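A.B. asks: From the sequence below, what's the structure:
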Amino acid sequence: MLDLIIRGGRVVTPWGVGSWDVAVAGEKIVAVAEPCTLRGEAGRVLDASGKIVIPGGIEPHAHVASPVPGNPGATTQPPEPVSRAALFGGTTTLTDFAIQHPGIDIPQAIDERTATWRGNSYCDYSHHCMLIGEIPFHVIAQVQEAITDGHATFKIFTTNIRPTDRLPTVEQRRLVGMGHLSGVMEQAAKHGGMMFVHAEDDDIVQYMYKKLTVDQRIAWYNIHEVHNNMSEDMAFRRVLRLSEWTGAAVYFVHVSAKEGLNAMREARGR
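C.D. replies: Numbering: from 1, shown residues only. Got it, this is the predicted structure:
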């Protein structure tokens with residue numbers, strides 16, 4: 001017996017758009033068929049006439065209940081209102097970040113983040129494991145366990161993003177060096193994980209912060225001079241070379257410049 005049949009809508013699929021019926025059993029779509037050809041009883045029939053029926057969207061980069069940099073004590077919205085808004089927009093899965101701060105390991109980070117979401121979300125959710133700073137060797141070794149448990153993506157930064165003189169503690173810094181990144185990549189490649197990389201050249205970023213401060217041009221509309229095309233070009237290419245050496249899959253979480261896009265095209269071509 002089917003749990004649900006959706007009839008009469010314009011159905012969007014990977015192979016095209018058409019007037020089809022959609023059958024659901026449990027939590028899975030089990031058939032997409034010509035109108036009125038699905039046989040047998042259904043627990044519910046939904047009339048979608050005049051509507052578009054699309055797969056649920058997946059948001060792969062959500063900052064939910066997260067601290068707002070530069071605003072002590074401030075956080076972004078929690079799971080309940082965010083997930084409610086997501087469903088209204090057709091997004092049925094949200095993925096945010098379980099941060100492995102110094103002093104805790106990957107399982108602790110995942111448990112901590114899941115506790116924020118459990119029972120408070122209207123939609124499905126998961127977490128990327130965010131690894132920061134000088135990642136301890138025992139934490140790198142936990143990558144396999146995280147992948148086995150279903151958390152197969154690992155977020156790192158190649159920059160501290162903000163001026164380091166405003167980040168006095170280790171906990172506030174984000175940069176992962178090429179050596180530690182290569183170690184994480186090796187584990188991800190070996191066990192079927194994927195890297196999520198915020199790639200900028202930190203030397204350029206920090207230099208430009210200082211230069212604009214000396215020039216007294218620190219207004220927000222000059223930020224493109226700090227996080228610039230050259231920085232993205234150099235960082236993307238370094239990360240891509242590591243990807244080629246280790247065999248790890250890479251997803252760049254911010255692509256802002258044509259130079260970054262060209263670097264990815266060239267790497268794919270190879």
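A.B. asks: Counting neighbours, what do you get for the closest residue to residue 120 other than its chain neighbours?
C.D. replies: Distances taken as C-beta to C-beta, 6 or more residues apart in numbering put residue 79 closest to residue 120, at 4.5 Å, once the chain neighbours are dropped. No exception for glycine: its C-beta is placed from N, CA and C like everyone else's. Residues contacting residue 79 under the criterion other C-beta atoms under 10 Å number 22.
A.B. asks: give the contact list for residue 79.
C.D. replies: Taking C-beta atoms under 8 Å, 6 or more residues apart in numbering, we find residue 79 in contact with 64-65, 94, 116-117, 120-121, 125.
A.B. asks: Likewise for residue 58?
C.D. replies: 91-93, 95.
A.B. asks: Of all pairs in the residues you listed, which one is the farthest apart?
C.D. replies: 92 and 95 (11.7 Å; C-beta to C-beta).
A.B. asks: Columns distance to residue 265 and neighbour count on top of the contacts of residue 79, output as TSV?
C.D. replies: Output for those, formatted as TSV (distance: C-beta to C-beta, whole Å; neighbours: other C-beta atoms under 10 Å):
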residue	distance to residue 265	neighbour count
64	32	26
65	36	17
94	29	25
116	38	17
117	36	20
120	41	16
121	37	19
125	32	24
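A.B. asks: Can you tell me which of those residues end up in helices?
C.D. replies: In helices, defined here by DSSP state H, the members of the contacts of residue 79 are 116-117.
A.B. asks: Filter the contacts of residue 79 down to just the ones in strands.
C.D. replies: 94, 125 (DSSP state E).
A.B. asks: Let me know the closest of the contacts of residue 79 to residue 41.
C.D. replies: residue 121 (31.7 Å).
A.B. asks: how about the strands in the stretch 1-150 of the chain?
C.D. replies: Applying DSSP state E, counting those that start in this stretch to the stretch 1-150 of the chain gives strands spanning 4-7, 10-13, 16-19, 21-25, 28-33, 45-47, 52-53, 57-59, 91-100, 124-131.
A.B. asks: Of those strands, flag the one that's most buried.
C.D. replies: strand 124-131 (a mean of 23; mean count of other C-beta atoms under 10 Å).
A.B. asks: Could you list the low-pLDDT ranges of this structure?
C.D. replies: 168, 170-171 (pLDDT under 70).
A.B. asks: let's see 90
C.D. replies: The chain contains residues with pLDDT under 90 at 1, 14-15, 27, 36-42, 55, 67-73, 101-102, 162, 164-173.
A.B. asks: contacting residues for residue 20?
C.D. replies: 11, 13, 32-35 are the contacts of residue 20 under C-beta under 8 Å, 6+ apart.
A.B. asks: That should have said residue 19, apologies.
C.D. replies: 8-11, 35.
A.B. asks: Tell me what it is bridged to.
C.D. replies: Under the criterion DSSP bridges, residue 19 forms beta bridges with residue 10.
A.B. asks: which parts of stretch 189-204 are buried?
C.D. replies: Neighbour-count burial for stretch 189-204 flags 189, 193-202, 204 (criterion: 16 or more other C-beta atoms under 10 Å).
A.B. asks: Tell me the span between the first and last residue of that stretch.
C.D. replies: In stretch 189-204, first residue to last residue: 29 Å (C-alpha to C-alpha, to the nearest Å).
A.B. asks: what comes into contact with the helix ranked longest in the chain?
C.D. replies: The longest helix of the chain (DSSP H) is helix 229-246. Helix 229-246 is contacted from outside by 158-159, 178, 181-182, 185-186, 188-189, 195, 197, 199-201, 204-205, 248-250, 252, 255-260, 262-264, 267, 270, using C-beta under 8 Å, 6+ apart.
A.B. asks: now with 6 Å?
C.D. replies: In this structure, residues lying in contact with helix 229-246 by C-beta atoms under 6 Å, 6 or more residues apart in numbering are 158, 182, 185-186, 189, 197, 199-201, 204-205, 250, 257, 259-260, 263, 267.
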